[in-house]
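Enquirer: what follows is a protein structure lacking sequence information:
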C-alpha cells in the first residue's frame, strides 16, 4: 500500500518527529511518502490514502485547503482524519458545539463576519481581567493576542484570558484510535502566555491529572465522528479544567517525547484503511 503523508511547503520532508511514523508504517507494509498538500504537481490518484499530518499552513489558505479535501473525497481517496471531521474542526465554532454538550471552555464571544465588539466594554461587562483574541480559523497562536482594549472585527473569537496558563501551563493529551496514548505539559516562557515552542514555550512528558483526563474523555466522546488521531488541550483552574482546543486536522503529537506513539498511530491507520 502506498499512502501520502500530507505536509506543507516549509516541511517538505516532514518534521523530525514524524519519521517514526513513516518507519512504523513501513514495518506494516505501507510505503508512506511526504507530499506537499498544496502542490499542483501531484497525482493524488496514485495514493491509496492521504493522511493529514503537518499541513501547518492550512489556516493561511483555508478555502484552498477545503477545496483540496473536497477533491480527494470526490476522487474517493480515503482521508484521515475523515473530511467531515476536518470541516467541523477547521472553524473554532466547534468549541461552541462542544460547550453545548457540556464540555467546559473559557467564556467566549464568537464575533461573526460583519460584526464587531469593543473589547474593553466586553471585559468590563464580564469582569474579565483581559481577553484573548484569535481568528476563527487559526493555528499555532496565529494572530492570537492578549488585550484589554480595541475593537475586534469578525470573524474572530474573543475569550476570557486565563492567568492559570502562565502558572500551571497547558496539558496536551494525545489520543490515537480514541484511546489515550500519552500526555505532555506545555509551559510558556516567562512573561508570555503562548505555550508553543515557536514562542519560547517548553514541553515535557507528564501524566495528566484525573480531572484533565475526565474532561478530555468527555470531549472525545462528544466528537461528531471517530478520529484516528486527536490532541486535547486543557488548562487547570484550581480544581476545574477547561478545554482550550481539540485538534483534529494537523495536531503536533509530540512523537519526540513518546517514540512508541508512532507505532500506535501506524497500527491505527492500518486498521482504518482495512
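Expert: Perfect, I can see it now. What you see is a predicted model, and the numbers here were worked out from it, not measured in a lab. Numbering: from 1, shown residues only.

Enquirer: where do the helices of this structure begin and end?
Expert: Under the criterion DSSP state H, the chain contains helices at 19-27, 62-74, 83-89, 94-100, 119-126, 164-167, 210-221, 260-273.

Enquirer: which of these comes out lowest on mean pLDDT?
Expert: Among the helices of the chain, helix 164-167 carries the lowest mean pLDDT, a mean of 90.

Enquirer: now do that helix: which elements does it pack against?
Expert: When contacts are defined as 3 or more CB pairs under 8 Å, 6 or more residues apart in numbering; DSSP states H and E, helix 164-167 packs onto strand 229-237. C-beta coordinates here come from the backbone N, C-alpha and C atoms, glycine included.

Enquirer: got the angle between the strand it packs on and helix 19-27?
Expert: Using axes from the mean of the first three to the mean of the last three CA atoms, to 10 degrees, the direction of strand 229-237 lies 150 degrees away from that of helix 19-27.

Enquirer: what lines up beside strand 229-237 in the sheet?
Expert: Strand pairing for strand 229-237, using DSSP bridges, gives strand 170-176 (antiparallel), strand 240-247 (antiparallel).

Enquirer: pull the distance from the first one to the chain's centre.
Expert: Strand 170-176 has its average C-alpha position 10 Å from the chain's average C-alpha position, going by CA atoms, centre = their mean, to the nearest Å.

Enquirer: quick one: contacts of that strand?
Expert: Residues from elsewhere that reach strand 170-176, judged by CB atoms under 8 Å, 6 or more residues apart in numbering: 180-187, 195, 203, 206, 208-209, 212-213, 216, 220, 227-236, 244, 251, 253-254, 258, 261, 264-265, 268.

Enquirer: same deal with stretch 94-112?
Expert: The contact list for stretch 94-112 (CB under 8 Å, 6+ apart) reads 88, 92-93, 117, 122, 126, 128, 132, 136, 152-160, 162, 215, 218-219, 222, 224, 240-246.

Enquirer: hmm, residue 210 and residue 183 touching each other?
Expert: No. Contact criterion CB atoms under 8 Å: residue 183 and residue 210 do not qualify, at 11.9 Å.

Enquirer: for residue 230, which residues make a bridge with it?
Expert: Per DSSP bridges, the residues bridged to residue 230 are residue 175.

Enquirer: thought it was touching residue 249?
Expert: No. Counting by CB under 8 Å, residue 230 does not reach residue 249; the two are 9.9 Å apart.

Enquirer: of these two, which one has the most company?
Expert: residue 230 (26 against 22; other CB atoms under 10 Å).

Enquirer: what's near enough to touch the more buried one?
Expert: 81, 174-175, 220, 223, 246-248, 251.

Enquirer: and the least confident of those residues?
Expert: Minimum confidence in these sits at residue 251, scoring 93.

Enquirer: residue ranges in the protein under the pLDDT threshold?
Expert: Residue ranges of the chain with pLDDT under 70: 140-142, 194, 197, 199-200.

Enquirer: can you give the domain ranges for it?
Expert: With domains defined by automatic domain parsing, the chain comprises 2-89+266-273, 94-103+164-248, 108-160.

Enquirer: what sits closest to the residue nearest the centre of the chain if chain neighbours are left out?
Expert: Of all residues in the chain, the one closest to the mean position by CA atoms, centre = their mean is residue 247, 2.4 Å from it. Spatially, and ignoring its direct neighbours in sequence, residue 247 is nearest to residue 231 (4.4 Å; CB to CB, 6 or more residues apart in numbering).

Enquirer: that neighbour against residue 253, yeah?
Expert: Yes. The pair residue 231 / residue 253 is scored as a contact, 6.4 Å apart, by CB under 8 Å.

Enquirer: which of these two has more neighbours?
Expert: Per other CB under 10 Å, whichever of residue 231 and residue 253 has more neighbours is residue 253, with 29 against 22.

Enquirer: how about that one, nearest residue that isn't a chain neighbour?
Expert: residue 174 (5.1 Å).

Enquirer: same deal with residue 15?
Expert: Here the residue nearest residue 15, using CB to CB, 6+ apart, is residue 54, at 5.5 Å.

Enquirer: and residue 259, by the same measure?
Expert: residue 20 (5.6 Å).
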